[in-house]
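> Okay, sequence plus prediction incoming.
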Amino acid sequence: MTRPTTTNAPFPFSAIVGQEAMKRALVLTAIDPSIGGVLVFGDRGTGKSTAVRALAALLPPITAVEGCPNNSARPEDVPGWVTGVGSRVVERPTPVVDLPLGATEDRVVGALDIERALARGEKAFEPGLLARAHRGYLYIDEVNLLEDHLVDLLLDVAASGENVVEREGLSIRHPARFVLVGSGNPEEGELRPQLLDRFGLSVEVSSPIDIDARVEVIRRRDAFERDSAAFLSDWQPEEARLRARIVAARAALPGVATPDAALRDCAVLCLAVGADGLRGELTLLRAGRALAALEGADALERGHLRAVAPLALAHRLRRDPLDEAGSAARVARALADVLG
């Protein structure tokens, strides 16, 4: 009797049933990382972690200097503390790094070997998770439970795009530009407003209530667990098509025109929902343009803004004690008033 074959590969992104808003948000950040990451809040067992890990396998590889722990694209970009790497540039998977809740600060930012530095005069540095996540994704499950000092650290790095480690008068720095993806259960506490605002897009997910959808979830998951190799093979063409769309959208993104009318729509819409600051407008603009590139449009249109506005604005609304409507309903109401 032949045993079913299994692999360590994640569940295919294309095979995830439903959760279209979550999948769209993740794909848009793959097209334009400057959107600023994704926050996914919802009940347990709704596919949050599955989608993030599936995205990693879907993304095209990056080119990086062989052996560089900071994923440097060119030999001249390799930080000075990196030793033992040559000039050969190779392809490697887009990094997706997990940040565990119990991680120490040294594990996140990296550790300096003070003893070696003092004894030999060498800057001995053990890179942390932020170095590994450069040019990729940093994923935090249960992000609302992250310790405050790590939240402050991530805010600094997300703002500067650089990780700086200083110990006993010694300083090490390296690029740390990554897409921050967080997931969590709202029952376990809210996210600090400072960190919440750093996520470009936010999504609320829930278990499907449609019987046919739930049956399809069970069917696909069961097929994957019984024979993952065969399941992956069946979904490989769909994964390849989506990967090709992402690559094409990345190439087309710089050429997507942004009419002044679209900029005005962004500003009016953010004012209508009461979004603080200007980060909402910029995120709305970038996400709308990424969607336009994905759909093959030459210019950003109102339809694109309408599609991404709930993702870009729902988590930026000021609390209104006189308005009992949820954030999604308030954004929908503003969309109707502003965009028709």
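Sure thing, it's come through.
> ok, residue 182 to residue 140 distance?
Residue 182 is 5 Å from residue 140, where distance means Cβ to Cβ, to the nearest Å. C-beta coordinates here come from the backbone N, C-alpha and C atoms, glycine included.
> Then residue 62?
For residue 62 relative to residue 140 (Cβ to Cβ), the value is 21 Å.
> higher neighbour count, these two?
residue 140 (26 against 16; other Cβ atoms under 10 Å).
> So what are the sheet partners of whichever strand or helix holds that one and their directions?
Element membership for residue 140 (DSSP states H and E) is strand 137-141. Strands flanking strand 137-141 in the sheet, each with its direction: strand 96-98 (parallel), strand 179-184 (parallel) (DSSP bridges).
> Show residues contacting it.
48-49, 52, 55-56, 94-99, 101, 129-130, 146, 178-184 (Cβ atoms under 8 Å, 6 or more residues apart in numbering).
> again, only using 7 Å
With Cβ atoms under 7 Å, 6 or more residues apart in numbering as the test, strand 137-141 has contacts from 49, 52, 56, 95-99, 146, 178-183.
> Looks like residue 25 contacts residue 311 (just checking).
Yes: at 5.2 Å, residue 25 counts as touching residue 311 under the criterion of Cβ atoms under 7 Å.
> any common contacting residues for these two?
Listed as contacting both residue 25 and residue 311 by Cβ under 7 Å, 6+ apart are 201, 203.
> What segments of the stretch 1-150 of the chain are helices?
20-31, 48-58, 105-109, 114-120, 129-133, 148-160 (DSSP state H, counting those that start in this stretch).
> Just the CA trace of the third one, in CSV.
This means helix 105-109. Output in CSV follows, covering the C-alpha atoms of helix 105-109 (Å, rounded to 0.1, in the frame of the first residue of the first chain):
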residue,chain,number,x,y,z
GLU,A,105,15.4,42.4,23.0
ASP,A,106,18.8,41.0,22.0
ARG,A,107,17.1,38.3,19.9
VAL,A,108,15.0,41.0,18.1
VAL,A,109,17.6,43.7,17.5
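> Pull out the buried positions in stretch 20-32.
Neighbour counts over stretch 20-32 (16 or more other Cβ atoms under 10 Å) mark 21-32 as buried.
> Could you do stretch 219-237 as well?
Within stretch 219-237, the residues that count as buried by 16+ other Cβ under 10 Å are 220-221, 224, 227-228, 231-232, 235.
> Need the residues you listed in a markdown table (columns: distance to residue 289, secondary structure and pLDDT).
Formatted as a markdown table, the buried residues of stretch 219-237 follow (distance: Cβ to Cβ, whole Å; DSSP: H, G, I helix; E, B strand; the rest coil; pLDDT from 0 to 100):
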| residue | distance to residue 289 | secondary structure | pLDDT |
| --- | --- | --- | --- |
| 220 | 33 | helix | 91 |
| 221 | 35 | helix | 91 |
| 224 | 34 | helix | 91 |
| 227 | 41 | coil | 89 |
| 228 | 36 | helix | 89 |
| 231 | 35 | helix | 92 |
| 232 | 32 | helix | 91 |
| 235 | 29 | helix | 90 |
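> Relative to residue 155, which of those residues is nearest.
Residue 155 lies nearest to residue 221 out of the buried residues of stretch 219-237, by Cβ to Cβ, at 36.4 Å.
> Please determine how far the nearest residue to that closest one once chain neighbours are set aside is located from residue 178.
Excluding the flanking residues, the one nearest residue 221 by Cβ to Cβ, 6 or more residues apart in numbering is residue 11, at 7.5 Å. Per Cβ to Cβ, residue 11 is found 23 Å from residue 178.
> between these two, who's got more neighbours?
Neighbours per residue, other Cβ under 10 Å: of residue 11 and residue 178, the larger number sits with residue 178, 25 against 21.
> how distant is stretch 93-110 from the center of its chain?
Remark: stretch 93-110 is offset 15 Å from the chain centroid, using Cα atoms, centre = their mean, to the nearest Å.
> buried ones in it?
Buried-residue list, stretch 93-110, by 16+ other Cβ under 10 Å: 94-97, 99, 103, 108-110.
> now stretch 48-63
Of the residues in stretch 48-63, 48-59, 62 count as buried by neighbour count, 16+ other Cβ under 10 Å.
> Stretch 293-309 now?
For stretch 293-309, the neighbour count (16+ other Cβ under 10 Å) marks 293-294, 297, 300-302, 304-309 as buried.
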